[in-house]
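Chemist: Whatever this is, show me its structure:
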Amino acid sequence: MLSWVLVMNCASIPALINQMLKPDFYPHPVSKNIQLIQTHISYILLTGDYAYKIKKPVNFGFLDFSTLEKREHFCQEELRLNFIGAAQLYLEVLPITQDGEQYHLGGTKKPVEYVLKMHQFPQEGLLSTMLERGKLSESDVEELGKVVARYHNQTETSVYIRSFGEVDKVRRSIDENYDILITFLLNIHSCFFIASKINAFVSVMEIYTCEISVCGIRKFYCLTVLNLTKNSDLLMLCTISLLQSWIWKLVKEKI
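Modeler: Residues are numbered from 1 along each chain as shown. As a prediction, this is how the structure comes out:
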């Protein structure tokens, strides 16, 4: 799993999150120091046995969590979709209610926010941590690709869903993400690095679109899984997983 920590002072953290950093917010025992992890779209609170994720009220175009209804919907969708591959981690979506200035996990009043409750896993299991410690092997990356493939083999599909795997749509989605990402990058070399990876990713997709009809589908997919897992930098791990997911969508329709 991938994540990064954004350090913020207490004044810039919403009142709800500040309260969720306190042990008495929870109906179960928690660690002495509750840890807050942030991504650009979520707050994740690690309490010891459980992790709680709240979606930020943001709209980046490619995702929209700007209303309470949308955040509830996407919490439920995250639970539903991840339950397929990680049922042991994803538990339930809970409402958060408010009484004056006090927030409550659950409660009988109208919800003011929703939170996804999960079993907490050791942070040493993050790909970023494994990479930094030199513990991420080629076989780990190969297994990652196979796990992604097996996941997609269990998912529903349709003409509409398959259309999102077309090269033009993938390129458009990546470009939209990149346009937003570069506003947060101060290092011009990072921008060039990411852009080069994006271009390489799309180029490989275009090549595979042509070649997949030439060789046997099953043989093609197996070779792809093996050959694409020879890069060890973190961004390439993301690229590999995305590419193998896309390839499996093609394979699934042709087997």
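Chemist: Using the record's domain definitions, break this structure down for me.
Modeler: Domain assignment for the chain by automatic domain parsing gives 10-121, 135-254.
Chemist: okay, residue 134: pLDDT?
Modeler: At residue 134, the predicted lDDT confidence score is 86.
Chemist: Any idea how many residues pack against it?
Modeler: Residues lying near residue 134 (other C-beta atoms under 10 Å) number 8. All C-beta spots, glycine's among them, are computed from the backbone N, C-alpha and C.
Chemist: does it count as helix, strand or coil?
Modeler: Following DSSP: H, G, I helix; E, B strand; the rest coil, residue 134 is assigned to coil.
Chemist: May I ask you to name the longest strand in this protein?
Modeler: Assignment by DSSP state E gives strand 90-99 as the longest strand of the chain.
Chemist: Please identify the buried residues of that strand?
Modeler: Using 16 or more other C-beta atoms under 10 Å as the burial criterion, the residues of strand 90-99 that qualify are 90, 93-98.
Chemist: What is the most widely separated pair among those?
Modeler: 90 and 98 (25.3 Å; C-beta to C-beta).
Chemist: so where do the strands sit in the stretch 1-150 of the chain?
Modeler: Secondary structure of the stretch 1-150 of the chain (DSSP state E, counting those that start in this stretch): strands located at 35-38, 42-46, 50-55, 90-99, 102-105, 113-119.
Chemist: Figure out which of those is closest to residue 193.
Modeler: Nearest of the strands of the stretch 1-150 of the chain (C-beta to C-beta): strand 35-38, 23.2 Å.
Chemist: Relative to the closest one, what are the paired strands and their orientations?
Modeler: Partners of strand 35-38 in the sheet, by DSSP bridges, are strand 42-46 (antiparallel).
Chemist: Identify all contacting residues around the partner strand.
Modeler: The contact list for strand 42-46 (C-beta atoms under 8 Å, 6 or more residues apart in numbering) reads 3, 17, 20-21, 31, 34-38, 51-56, 120, 123.
Chemist: again with stretch 59-72
Modeler: Contacts with stretch 59-72, where a contact means C-beta under 8 Å, 6+ apart, come from 40-41, 54-58, 74, 93, 111-114, 173, 176-177, 180.
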